[in-house]
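Novice: Below are the sequence and a predicted model; questions follow.
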There are 4 protein chains.
Amino acid sequence: MYNDDKLREKCAIFGTFGASSEAARLAYYSLWSMQHRGQESSGIATSDGKKLYRHADFGLVANVYKEEHLQVLPGHMAIGHNRYSTSGGRDAIYNQPLMGNHNGFSFGHNGNLPKTDKLERFLSKHNVPIDELNDSGMMAAAIEINIRKGMSLFDAVSKAYPLFEGVFSSVAMDKDSLVVFRDQHGIRPLSIGKLESGYVVASETCALETIGAEFVRDVKPGEVALIDERGITSKQIKEPKLKLDIFEFVYFARPDSILLGKSVNTVRENFGRQLAKECKLDVDVIIPVPDSSVPASIGFSKESGIPIEIGLVKNRYINRTFIRPTAELRKRDLKMKLNPVIDSLKGKKVGLVDDSIVRGTTVQQVVSMLRSSGATEVHLMITSPPVKFPDFYGINTPRQSDLIAARMNEKEIAEFVDADSLHFLSYEGMVKATGLSEEQFCTSCFTGIYPIPIGKNMDSISYEGGRPVNRAKRHDSAIHRSEASI
Amino acid sequence: MYNDDKLREKCAIFGTFGASSEAARLAYYSLWSMQHRGQESSGIATSDGKKLYRHADFGLVANVYKEEHLQVLPGHMAIGHNRYSTSGGRDAIYNQPLMGNHNGFSFGHNGNLPKTDKLERFLSKHNVPIDELNDSGMMAAAIEINIRKGMSLFDAVSKAYPLFEGVFSSVAMDKDSLVVFRDQHGIRPLSIGKLESGYVVASETCALETIGAEFVRDVKPGEVALIDERGITSKQIKEPKLKLDIFEFVYFARPDSILLGKSVNTVRENFGRQLAKECKLDVDVIIPVPDSSVPASIGFSKESGIPIEIGLVKNRYINRTFIRPTAELRKRDLKMKLNPVIDSLKGKKVGLVDDSIVRGTTVQQVVSMLRSSGATEVHLMITSPPVKFPDFYGINTPRQSDLIAARMNEKEIAEFVDADSLHFLSYEGMVKATGLSEEQFCTSCFTGIYPIPIGKNMDSISYEGGRPVNRAKRHDSAIHRSEASI
Amino acid sequence: MYNDDKLREKCAIFGTFGASSEAARLAYYSLWSMQHRGQESSGIATSDGKKLYRHADFGLVANVYKEEHLQVLPGHMAIGHNRYSTSGGRDAIYNQPLMGNHNGFSFGHNGNLPKTDKLERFLSKHNVPIDELNDSGMMAAAIEINIRKGMSLFDAVSKAYPLFEGVFSSVAMDKDSLVVFRDQHGIRPLSIGKLESGYVVASETCALETIGAEFVRDVKPGEVALIDERGITSKQIKEPKLKLDIFEFVYFARPDSILLGKSVNTVRENFGRQLAKECKLDVDVIIPVPDSSVPASIGFSKESGIPIEIGLVKNRYINRTFIRPTAELRKRDLKMKLNPVIDSLKGKKVGLVDDSIVRGTTVQQVVSMLRSSGATEVHLMITSPPVKFPDFYGINTPRQSDLIAARMNEKEIAEFVDADSLHFLSYEGMVKATGLSEEQFCTSCFTGIYPIPIGKNMDSISYEGGRPVNRAKRHDSAIHRSEASI
Amino acid sequence: MYNDDKLREKCAIFGTFGASSEAARLAYYSLWSMQHRGQESSGIATSDGKKLYRHADFGLVANVYKEEHLQVLPGHMAIGHNRYSTSGGRDAIYNQPLMGNHNGFSFGHNGNLPKTDKLERFLSKHNVPIDELNDSGMMAAAIEINIRKGMSLFDAVSKAYPLFEGVFSSVAMDKDSLVVFRDQHGIRPLSIGKLESGYVVASETCALETIGAEFVRDVKPGEVALIDERGITSKQIKEPKLKLDIFEFVYFARPDSILLGKSVNTVRENFGRQLAKECKLDVDVIIPVPDSSVPASIGFSKESGIPIEIGLVKNRYINRTFIRPTAELRKRDLKMKLNPVIDSLKGKKVGLVDDSIVRGTTVQQVVSMLRSSGATEVHLMITSPPVKFPDFYGINTPRQSDLIAARMNEKEIAEFVDADSLHFLSYEGMVKATGLSEEQFCTSCFTGIYPIPIGKNMDSISYEGGRPVNRAKRHDSAIHRSEASI
């Protein structure tokens, strides 16, 4: 249970120009506030207008940087990056920000390029070997080639932009300019803030808040923006077709962040309220799975009038070096991640609220814990629809066959997790609760509609079987449209 | 604000006999679940019936132990310790468990001995130098002397017990016996659980829950208990006069722990309910200071009917190596520990719930943050009475002059923290909310009544001034009684 | 005295193709045997025919690599590098082998480019920033540019070769070819050996010996050689004008290495014999300064018939972390690097043999130690001529003004070091003792004749004063010739 | 070959009182100069007259101590220790100096107690468990017991002295006195020096020399000496029966040390001269095995008139982390420890000089290397007699069955190592070369005569077979005498 059955965001990015003479420290506090978006490695590159500096390593922000590191990261410009890698490939050469052109520029990327054919052809034409390059590395290499042709960083990025097929919220920096850009659909968030006489950009607004910056606007889908001493210069490379990943609202973003003008906390409370409207439960108490399900639980409690209780306490302080239980101990009733609060559970009919189900293994253990703590009934309420499709846009999801909702219907899942009943928030309810229109979202995990072509990955996806896909017909046209637009 | 203005528990202890052939692993998971009681260092000693083994180091549990360490801690017996040291004295020789008599026995201590005169005389008589020994070291040395006189560990502890003037919940172990003992007033908790055919003891029941042990009973105040292959053998050295530190309910203990048969979470919810009864507020929303004030806030919300909202989000991932902001950055509006959720605050009259006030500096910053996030009024509700006296029983408190409630009345504190109003839970209300009688508690932080003599420390305490001490007359008799009893 | 007053070689390089399926291990043992040529950092890059791998860090070979590092350096090809940096610039980005073209090729360099004008112009033309590039970095960047133009590594190096003005014995590798090359004068050594069905190259033949390879031939001055599965393909880019640094014989090379067909040990013994011929001494005993002067001392002893004794013992085990004596201790008679053997010294007239004098500070302390150990006379014999000029070809020398022989004549130096007499090996004697012709050597440290233009460095050199330069006229023509040749 | 086939000294000790206000630094430089006597761990304890301080860790002196460690080791008194442990038991609790009586005193020991019956009985009587105590730990525990009885450190050591059956050169310290003592036979060296107004003691005089102290005298066998502010107070506990381990001259001691008034370097040169007298060789050149055999080789060369050459060069820079060759590489002609100097060997009849043979495996590889380097004949000259018996007095020897000279005669050994001839220095010649009388030495490794009873170890020793023991009859009486004396 210590191994969280959660989808994981791959990255957080940050950039600043002129907001502080200690840009590295702004990056430090910002990256730390976005630690939830990437916990495997962290890096900062800075510029003092003359040359670039960099420090990156594996670990949490608070471990990666010591005072001595910040002191050798001088300058009024910085970009930063937290990373959560997908697969085994734990190799320092992938830690970001990447450096290019012999430390002449630096690059950070949040997202994923499911197709890299064009990019690979471009690199090969310029005799860059692609064997050790992941998607971020290829993007940096393409920009570098343009720089070597004599382009400014702004031009180099703009010129390379059409080669990037997929999802990217990115920052790039040379010694005197910061360039930020986002894919045409804006699937990952990226916001601009103002601080003193300069600017900051960050994946989430909680970072702006943390360092005292004022929110200005989001980087527009399809936009490349140059931030330098003359301010912001913007170029719209592609027509914006906003498709923010709705999972940012469901689980990824911090509750104190604001996405598309909406408070994440409020939207989550609305998810709870909406679910309470869709599903009338006869339970004594609402129990949130901490921490992420607390806002939705409050919403559910308010709407339904059923009291909320703290019924589960989270064990914190787990890190990479945490030792897994041995076989002998696993047989025992070890409670690694959550402990029950007996008083809140004993003899009660419990409404357990969680934000999503991926594999179903964690919630299965939670239900079992509630029952052995004396809960007489456990009704599981999920404040999002079933996750039936993997993500290819920068989230670490298991294969489709490991997604429990791709294999089972609600009844089967309820049996699997041993819940007395199971209720998902409806797709329409979820969208409605955001206060935004469906068109503004990428909902691929729920619908299988991939707004950006995912290339050969498409072969691994199944839309068949007893599990009819929501709005599958729209999917086809979506694919059609998005392919046409590139 | 990153430097938490909280009282800190000094230690967690653990012991086991016969509950697992991998006793070190039980200790590991138990100490990890009690990480909140001591975060500076951790140590485990084990015995395989033939000799003792030990590993201890500075850091969190998840950092101190690697698999290789657990593998060289064999045996079916273990004691363990998490430590939070009081002052600068960060020296490995103070890390516990201590080893004595040439690794013939091991000792762990949660508590504090405010007077050590008797103990020092005993040690000096036996030519043990006391220059480098803290209170725990002196206890171990006294036990060692008795062992060398030929006593069993059980007898050695029992015989030394009267030398220990102060607060101690302790574990001691030699190669084939575990001895646990607690001071006459039981100021720090210590519970016994059953697991398989053996026993475990732990400072809090959350540790028993974590490893799947069943709660049996508390170690009695004044009791010395031997746990070995014959089971539990108990000796009542002093008449029990229970005085559990009421602050365990207020703040220290984990909400999923049970103290004196009461759920900590439920008692905290009752604190909130009771405060709502005592104080009718006209606010739009209840905002808890996370994480510790959530249960009381839920109670307040339920009792008052005022809705609860998530208005503050905690930045986690802070550790020892976290870099403090520079002077330049401190001038900015940096939000180190808490970030506001604007939606929950803007344009609202806020009831802010916190569990206690020590120096008042943290809550001052929180109120300021709420106001700049748009709260129109901020009413501060503290779910415990004013902390007017320092602790000498194992808690890390500042000097009395640094306790804001020792210097200011409610109105002055409200002004200092810039709250529109400030309400403390009444002393009587706090006690009532526990469902237990006042006699069962040490309430020295609130009342200045010290059930165990604190020796020369008494000179540093003031009971005068405009701040009349609650029940000061009872204090005198308490001191009288407790001194007589030793 | 712990801070060795010695000239320091800057680097050792190594390369192999096809000699072992564990090429990284060959590199490891080879670099370790050439530890004396670079002790600050070490690095190995390998290729398995598909992609490149690299590990490098600060420290000695035995510290830099752990088994786990070698295991992630697969392949039958490797290059390696030991580094001794010149000045403060201790920055990991300068550790070699360097990686270029997005890990598409790797590069290691022993030598120094005193002029980089051409190279800088070439890089700037291709928009490569040179601010953070040292001479090695610029060489790698130029090769990379050619690779990106579509050239093979062999062609890319050959094409870039004319841009390299200075001293270089270098190795470069891409995924399936190893390219080794050496400047027109071959100032630093580089030898090729055969091992199994493959090849190895190394700065010194002691590395070939260590891994059991058979010496084949030296890389020729002006040659670029491709080593791949077809064997060795060679191109003579510039006409060879051999000028091996004679200091390799004097001090740098290991005694078991062979340079230009001559045993370093034998040549050193000859230096001693020759000095004995030039200078008839009336002393009781010959005392070598360990370890480097032992061979020459043996030669002196044999030629003169004066017995050799161990009179000085070296304190080993000094490393980077060694703690310097405090001011108080420095006043004492601390013996940090060498201890005297009283029996060998007391009451004796001593002939002290050292290989060279740079600043004169170390030998001054040694003479003082011999006297306080009872030596009645100390005659200092240096088995090389006076070092009057700094090096610009890859050796770490102090400024000319710090070279004692640039400021003082023999008599003055003898007084400075408190020797009864001082004798340098004559320049002609030194050359004669090598058994080779003067034309084959770079002798700039002794003569000020720089066979390769040193650019603006020339302004810092003085040929005037009481210290007439040996063969100064030849110097002019040498400069003339070498400049013309580029 | 990297795994040195050498006997290893177990320890170096050091002590000082009043010689410097920075006693820890004196200890540091002294221990560093005695690094050859113990390379596994190092420790220093100091006293400032008020309390004791200590730092110890695994590693070489230059690695164990950082400036920060020395700064928290204040005071004018110190003891220090380098350790080389015998067997697997690599556990920090055995690192010395040991601390006793709750950091009230500290203890360091060079030597070994082959019998501990008396000591164990004493400790058990005082209820000290002996399971985790090695011989040094038991000595410390016995002293501690006496201190707790109220004795001064001087008296506590003197009173415990008769319990110590075996070999010990030891230092002990409490907050204001230093006590040094040596077993009745003085098998390990221990010398006193004067420095400023205070004293230092060290295992070898090279340490006195290194820190500028003047040799005063050896600690006498059987003496306990108190060094404090009143100077030296001495007590002769047992009648001195000097039996210095002759192996100190053969191999252990540094050549610049002085033992019993004799220069180690000179004695080794005499070993070589004596062997040259005993054995007329027809060889072209004398080749020493570096470094230890150089003095004897010089002696041999002088006496025989056969020239000495550097024929073997040592690879330095090996440390604990050095990576062993894989199976594949071991098949190659890897030269890990020594490289040949071909010029000195090719076509020559070689006289190879080594100081001793233990297992014979190293010299076997050396002979093979000489032959493949072109030596036409290899005659092996060992400047000590055959090692036929293991040591029990503080040296790390293999079991008797692993000593090649205990299993084979000279001819068989010559065949085993593939030498054309093999010559050991005669026992009488060795003794004569020291200039001292046989009675002053422990020669157990050569003769099997153990001056101090070795208890049950005696059962593992064989005196039979084709290898008659030198002076076996004297052996019996020696045992008789020494047993009687205790």
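Specialist: Yes, it's here. Numbering: from 1, shown residues only, chains lettered A, B, ... in the order given.
Novice: and stretch A:48-55, does that touch chain B?
Specialist: No. Applying Cβ under 8 Å from any Cβ of the partner chain, one finds stretch A:48-55 out of contact with chain B, separated by at least 12.5 Å. In short, each C-beta sits where N, CA and C put it, glycine included.
Novice: Please apply the same query to stretch A:425-444.
Specialist: No. On the criterion Cβ under 8 Å from any Cβ, stretch A:425-444 is out of touch with chain B, staying 11.5 Å away.
Novice: OK, contacts around the residue lying closest to A:Val61 once chain neighbours are set aside?
Specialist: Residue nearest to A:Val61 in three dimensions, not counting chain neighbours: A:Trp32, with 4.3 Å by Cβ to Cβ, 6 or more residues apart in numbering or on different chains. Neighbouring residues of A:Trp32 by Cβ atoms under 8 Å, 6 or more residues apart in numbering or on different chains: A:Val61, A:Ala62, A:Thr210, B:Asn315, B:Tyr317, B:Phe322.
Novice: Recalculate using a threshold of 7 Å.
Specialist: For A:Trp32, the contact set (Cβ atoms under 7 Å, 6 or more residues apart in numbering or on different chains) comprises A:Val61, A:Ala62, B:Asn315, B:Tyr317.
Novice: Please apply the same query to A:Tyr28.
Specialist: A:Ile44, A:Val61, A:Tyr65, A:Leu70, B:Ile323.
Novice: for the residues you listed, which one is nearest chain D?
Specialist: B:Ile323 (20.5 Å; Cβ to the nearest Cβ).
Novice: Let me know how buried the residue nearest to the closest one when sequence neighbours are not counted is, in neighbour terms.
Specialist: Distances taken as Cβ to Cβ, 6+ apart place A:Glu67 nearest to B:Ile323, at 5.5 Å, with adjacent residues excluded. As a burial measure, A:Glu67 scores 10 neighbours (other Cβ atoms under 10 Å in any protein chain shown).
Novice: Also A:Gly59?
Specialist: So A:Gly59, with other Cβ under 10 Å, has 15 neighbours.
Novice: A:Lys456 now?
Specialist: 9.
Novice: part of a helix, is it?
Specialist: Yes. Counting by DSSP: H, G, I helix; E, B strand; the rest coil, A:Lys456 is found in a helix.
Novice: circling back to that earlier point, got TSV for the contacts of A:Tyr28, with neighbour count too?
Specialist: Converted to TSV, the contacts of A:Tyr28 look like this (neighbours: other Cβ atoms under 10 Å in any protein chain shown):
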residue	neighbour count
A:Ile44	31
A:Val61	29
A:Tyr65	27
A:Leu70	19
B:Ile323	17
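Novice: thinking again about what came up before, sort out which of the contacts of A:Trp32 are buried, if you could.
Specialist: A:Val61, A:Ala62, B:Asn315, B:Tyr317 (16 or more other Cβ atoms under 10 Å in any protein chain shown).
Novice: out of those residues, which one sits closest to chain D?
Specialist: Using Cβ to the nearest Cβ, these come closest to chain D at A:Ala62, 22.9 Å.
Novice: That closest one - that's part of a helix, no?
Specialist: Yes. Assigned with three-state DSSP, A:Ala62 falls within a helix.
Novice: Hmm, A:Met77 and A:Thr46 touching each other?
Specialist: Yes. Counting by Cβ atoms under 7 Å, A:Met77 is a contact partner of A:Thr46 at 6.2 Å.
Novice: which neighbours do those two share?
Specialist: Joint contacts of A:Thr46 and A:Met77 (Cβ under 7 Å, 6+ apart) are A:Ala23.
Novice: ok, the contacts of A:Tyr28 vs A:Cys445, which is closest?
Specialist: Nearest to A:Cys445, judged by Cβ to Cβ, of the contacts of A:Tyr28 is A:Val61 at 27.7 Å.
Novice: Make JSON lines out of the contacts of A:Trp32 and add pLDDT.
Specialist: Listed next are the contacts of A:Trp32 as JSON lines, based on pLDDT from 0 to 100:
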{"residue": "A:Val61", "pLDDT": "92"}
{"residue": "A:Ala62", "pLDDT": "87"}
{"residue": "B:Asn315", "pLDDT": "82"}
{"residue": "B:Tyr317", "pLDDT": "74"}
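Novice: Cross-reference the contacts of A:Tyr28 with the strands and report the matches.
Specialist: Using DSSP state E to define strands, the subset of the contacts of A:Tyr28 located there is A:Ile44.
Novice: could I get the contacts of A:Tyr28 as CSV with distance to A:Asp291?
Specialist: Compiled in CSV, those are given as follows (distance: Cβ to Cβ, whole Å):
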residue, distance to A:Asp291
A:Ile44, 27
A:Val61, 19
A:Tyr65, 25
A:Leu70, 29
B:Ile323, 25
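Novice: just the contacts of A:Tyr28 now: which is nearest D:Ser401?
Specialist: Distances from D:Ser401 to the contacts of A:Tyr28, taken by Cβ to Cβ, are shortest for A:Tyr65, at 57.7 Å.
Novice: Find the nearest non-adjacent residue to that closest one, please.
Specialist: Closest to A:Tyr65 by Cβ to Cβ, 6+ apart is A:Tyr28, at 5.7 Å.
Novice: Ok, A:Arg148 next?
Specialist: C:Asn127 (4.7 Å).
Novice: per-residue confidence at the closest residue to chain D within the stretch 1-150 of chain A?
Specialist: The nearest approach of the stretch 1-150 of chain A to chain D comes at A:Glu68, 15.2 Å away (Cβ to the nearest Cβ). pLDDT recorded at A:Glu68 is 89.
Novice: try the one 3 residues further on
Specialist: Confidence per residue is given as pLDDT, and for A:Gln71 that number is 92.
Novice: Tell me, how many residues neighbour the residue of the stretch 1-150 of chain A closest to chain D?
Specialist: 8.
Novice: To which secondary structure element is it assigned?
Specialist: Using DSSP states H and E, A:Glu68 sits in helix A:67-71.
Novice: Mind giving me the packing neighbours of that helix?
Specialist: Contact here means 3 or more Cβ pairs under 7 Å, 6 or more residues apart in numbering or on different chains; DSSP states H and E; on that basis helix A:67-71 packs against helix A:23-33.
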